[in-house]
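Undergrad: requesting a structural model of the entry that follows:
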Amino acid sequence: MMPDDPFARQRQRAFITSSASAPIFPTSPSPSSSFSFSGDRRTSTASPSPVSIPLRHSRSPSPSTSAASRHSLTPSTFLHNSRLAFALVPAALFLLDLGGTPVFTILTLGLAAAYFFDSAKFSVPSFLSIWVSLVLSQVAFFFSSSPSLSHTSLPLTGLSLFLCAETTFLIGVWASVNFRWIQIEHPAIAISLERLLFACVPVTVPSLFTWAVISAVGMPNSSYYFMIFSCVFYWVFSIPRTSSFKKGNADPSILGQLECCFHSLYILFVPLLFHIGSHHSTIFSSWSSVCELLLLFFIPFLFQLYASTRGALWWVTTNSHQIHRIRVVNGAVAVIVVVLCLEVRVIFHSFGKYLHAAPPLNYILVTVVMLGGAVGLGAHMVGMVNDAVSSLAFTALTVLVSAAGAIVVGFPIPFILLPMIAGFCLAQFFTRKSLSSYFTFVALATLMVLWFVVHNYWDLNIWLAAMPLKTLTKYLVLGIMLAMTVPGLTLLPVKFRFLIELGLIGHALLLCYVEDKLFNHAAMYYYGYDEEVVYPSYAVLVTTFLGMAIVRRMSVDMRVGPKAGWILTCLYCSKISMLFIASRSVVWVSAVLLLAVTPPLLLYKDRTKGVSKMKVWQGYAHAGVVAISAWFCLDTIFEAIQWLQGRPPSDSLLLGSYILLTGIACIPIVALHFSHSQLAKRFLLLVIATGCLLVTMQPPLSLSWVFRSKLIQMAHQSNDDVSIYGYTLRGPTWPSWLLISTVILTLASITSIIPVKYIAELRALYSIIVGVTLGIYISVQYFFGALMLYPLLITTVTCAAVFVVFTHIPSASSTRILPWVFAMLVALFPVTYLLEGQVRAKGFAASAEEEQEADRFSTMLAIQGARLSLLGLYAAIFMLIALVIKFDLAALLHEKAGSNTQKSRVQPHSLPKTRLFQQRRQSATPSLTIKRLSAEAAWMPLIGNISTILCFLICLILNITLTGSSNRAIFFLAPILLLLNQDSDIISGFGDRQRYFPVTIVVSSYLVLVALYRIWEEVFWTGDNESWGGLSIGGPGWLFVVKNLALLILTLPNHILFNRFMWDYVKQTDAMLLLTMPLNLPSIVITDVLTIRVLGLLGIIYSLAQYLISRRIRIAGMRYI
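TA: Now for the predicted structure:
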């Protein structure tokens, strides 16, 4: 993101030596090591033997080691931006939501300034802008979010503000570590910042994420949310990661022993302490509460033992066998505690009605099932089932667990042999990888699940998810059967891989269908009663991400092909859309659209060659499929827009949204596979622009013959808007088609789809069509009812279009015709204004006798508004002409400078083919040259200056009319004069050196005149010709006049000096500036007129600017000397 070091000069870089107290990972794995550093990840063997940890030990660096470490701290790209973005970007969005508009405004301005400095290669100002914006946003956050953070407890409020401030600080540190100049100039600071981020983010961000979740779903189960977030960020940041800035023989890890120890203690105790603090009154009220305490400690403990397989406990010991013993012994104890607590807290609490064994047998059987299953699974995962005795014990345990589970759920005792056989077959599959045993287990397990469903749900007359409960249970049994079948299919040979793909796709389709029904049809009907049943959103997210993780893992293991992985990814991603769009068909519509859009991203890939290119016919085929798929999404688009704006969208808005969606969906095709085709990019731009224009303008359009959907037809037949708001009088909307056609034609000509650049006749036709359509639009839209002005306005806009087009792309005879076109344009200005002001006024005056007072007032307002609109139109036209001429003259001067440079570099032995190609290009497009400009187009600077002056004068009139001579307006209007050009007719002696002089002299003169007018208005004028203003009514008198005139005179010296300096850049003495600048202070302090105070402030700014500019010129001259 950040540019290279701005200090591009030779300097001695200060590198630090490695710390003698910091433990160091070996750079190459030892023979006993089973994983090593590889970028960001650890790779471990699949062997059940204990995982070895690389030895980390402290040692004193030798001189050679110190020298190597000094050269090992090298600047490079920060490798962990994705991890930090995963943590800090959602946290920043949450803080923005809390802070509101003030924080957002400050951050927007600050980041815009940082981006500007970064683009201009000023890295230090960019760095300072980021930190200043973060500090100011934190101050604004403190004041704007105080009401929302006002807790009953003052310590909680303080902790909340501290947490927000710490998160803001970490965001600033993340931005700082990405600056290249910090990595080059201060490598030790870059390493420290990286370590600070990895040490603080796993501690700070889980609390903020938990706060956000509690704000959304409430306080229940908040401790478990905190525990989950803590474990997730422990895995992301606390497992040993490779530093981005340490190379060579240096210690490659980021965190030290102290940070890793603290992170381990944090996930073990902080969620538990949070639960105790928030539920201190009920923590010992029942066995379930006690089990919650144990779960909040031992679940993170189990997670940490699992993370030790990736090196998370390197700080405990460096002996891999000791780590393995710690993992086994402590894991066994933790599993026993967790299983017993889950038995009390979950099984008997939520599923007690399905346990048909009588106490105390039910407790014994459930304990045998859960504890035996956990022990067997854990033993197999750690590799303890590796010989005949352990296999026999594992098989007996599996059979016992299966029999106990069947008995506790009420399975008939005469058929108890079936679950025992199923358990035996499952054990044979785990120990011997017997495929027949596994499918026998699947068949028997499916029969038992079917019996459980029939026994418990088959006789219930309940409708759930818009279907009978029997039908829903059939789908669930089918899904369970598919889920159990797929793991066995993975053992088949590669040629049977299609069976795995079919099973996964079928399961994904079934899951999408069931979750769509449960989420979008949240109603349950039973025995004449209706009840809302909410399918939780987190369940949709869990199944989605779990499915995507399984697909990714199987794709990496080459168990599913790219096409199946593509289909499965689209199906799982389509489920997320139901969380945001309230449409009952959104899942299938999103799936179809994703299947149409994603092939350029997911299918056309070659692992050896990267992204392969489509053929042309494939690109057209994919674009057609995308368009058809987007058309199938029309109902969903309609519902989404109706939900957003609260009423049914118009046909043009719906069509524009469809075209815009189609264009955006085709971006991957063009960007990845046809990036070399300019024609494809241009057509895509036209499609997206058409959609945006239809969405923005919403022209009148009737597509009822196209829309066959009942939903859209019923919405269009509804008269709710009329019944609520009544009939509203609107102007004609058909001219918006003219504006749309004008914009599309302009884009087509700019992108050379219409070759106006090479054919003069086509250029003339294009300019006339654009002028006529835009003129009709402006006439009808802004001068409604003034039919007499329509021909003049259309002619004016057409002349302006012709002038602009042929000035930018001249023809052979345009240089002789364009001055007459401009003269006609200038002549039409007073004629049109007089017709608007006089003829319409006479017509209104003739009918004024028959109108009421209110009607006459409305008529006068209409006349005044039409005049101001006419002035604004001509100001825009003259501004456009001045901009085009300024741009063309600057391009000509740049071309002259470039041609001189190229002539000095031309080699006499250049290729004849290259010279011929350049001659053809030069003859294909007529263009102005410096010689031709001086001979035929010497009018361009003069016309540009006339247009600039007319535009400025019209804007000044509008300012006086609308704002009453605002002081602020001149600072926005004066830069118009930067469009002035050097010519010998109007402005003699004006050149590029004096380009800022008109701006400063106009600002000063305008403010002086406004100040004089304010004094006269305050004292001598009250709107009545017979009154002498303040003098006649006891208001401000001559003392007011003399005082403010004197203060006004005191402000003039600095303005005179600065404007003279802007003309000739002759340096004034520092004594002169020091003597004149204090004269502005009385004008700022004691004046009664705001404009004089502005003049005083501006005088001080002028003095400082003059001093700095003079100093810079002097330093530049000294360097040149």
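
Undergrad: all strands for the stretch 551-700 of the chain, in order.
TA: 605-606, 610-611 (DSSP state E, counting those that start in this stretch).

Undergrad: where among these is the average confidence lowest?
TA: Across these, strand 610-611 has the smallest mean pLDDT, namely a mean of 48.

Undergrad: now the phi/psi pair for L460, please.
TA: Here is the backbone geometry of L460 (degrees, to the nearest 10): phi -90, psi 130.

Undergrad: test my guess that V1002 contacts A974.
TA: Yes. Using C-beta atoms under 8 Å, V1002 makes contact with A974 at a distance of 4.9 Å. For the C-beta atoms, the positions are set from N, CA and C on the backbone; glycine is no exception.

Undergrad: low-confidence ranges in the stretch 1-150 of the chain?
TA: Along the stretch 1-150 of the chain, the parts satisfying pLDDT under 70 run over 1-76, 145-150.

Undergrad: let's go with 50 and repeat that
TA: 1-74 (pLDDT under 50).

Undergrad: repeat that for the stretch 1001-1121 of the chain.
TA: 1024-1028.

Undergrad: for the chain, same thing?
TA: 1-74, 607-610, 722, 725-729, 904, 906-926, 930, 1024-1028.

Undergrad: which residues of it fall in strands?
TA: Using DSSP state E, the strands found in the chain span residues 37-38, 41-42, 462-464, 467-468, 524-526, 529-531, 605-606, 610-611.

Undergrad: OK, contacts around T446?
TA: 477, 480-481, 484 (C-beta atoms under 8 Å, 6 or more residues apart in numbering).

Undergrad: any chance of TSV for these, columns distance to H80 and neighbour count?
TA: Below are the contacts of T446 laid out as TSV (distance: C-beta to C-beta, whole Å; neighbours: other C-beta atoms under 10 Å):
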residue	distance to H80	neighbour count
V477	45	16
I480	40	17
M481	43	17
M484	39	17
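
Undergrad: give the burial count for R1114, as a bare number.
TA: Per other C-beta atoms under 10 Å, the neighbour tally for R1114 reads 11.

Undergrad: roughly how far apart are it and V477?
TA: Distance, R1114 to V477, by C-beta to C-beta, to the nearest Å: 89 Å.

Undergrad: repeat for L1009
TA: L1009 is 89 Å from V477, by C-beta to C-beta.

Undergrad: and for Q304?
TA: Taken as C-beta to C-beta, the span from Q304 to V477 is 38 Å.

Undergrad: try T948
TA: 80 Å.

Undergrad: likewise I416?
TA: 21 Å.

Undergrad: how about V1042?
TA: Using C-beta to C-beta, V1042 is found at 100 Å from V477.

Undergrad: equivalent analysis for W631, please.
TA: From W631 to V477 the distance is 37 Å (C-beta to C-beta).

Undergrad: just L170 next, same as before
TA: The value you get for L170 to V477, if C-beta to C-beta is used, is 49 Å.

Undergrad: for S814, same thing?
TA: With C-beta to C-beta as the criterion, S814 and V477 are 80 Å apart.

Undergrad: tell me where the stretch 151-300 of the chain has helices.
TA: 154-177, 180-185, 187-217, 222-233, 257-278, 287-307 (DSSP state H, counting those that start in this stretch).

Undergrad: wait, N967 sits on R1093?
TA: No. Assessed by C-beta under 8 Å, N967 is found out of contact with R1093, at 9.4 Å.

Undergrad: and the two? Which one has more around it.
TA: R1093 (20 against 17).

Undergrad: now do the contacts for that one.
TA: Per C-beta under 8 Å, 6+ apart, neighbours of R1093: 1083-1084, 1087.

Undergrad: can you do 6 Å?
TA: Listed by C-beta atoms under 6 Å, 6 or more residues apart in numbering, the contact partners of R1093 are 1084, 1087.
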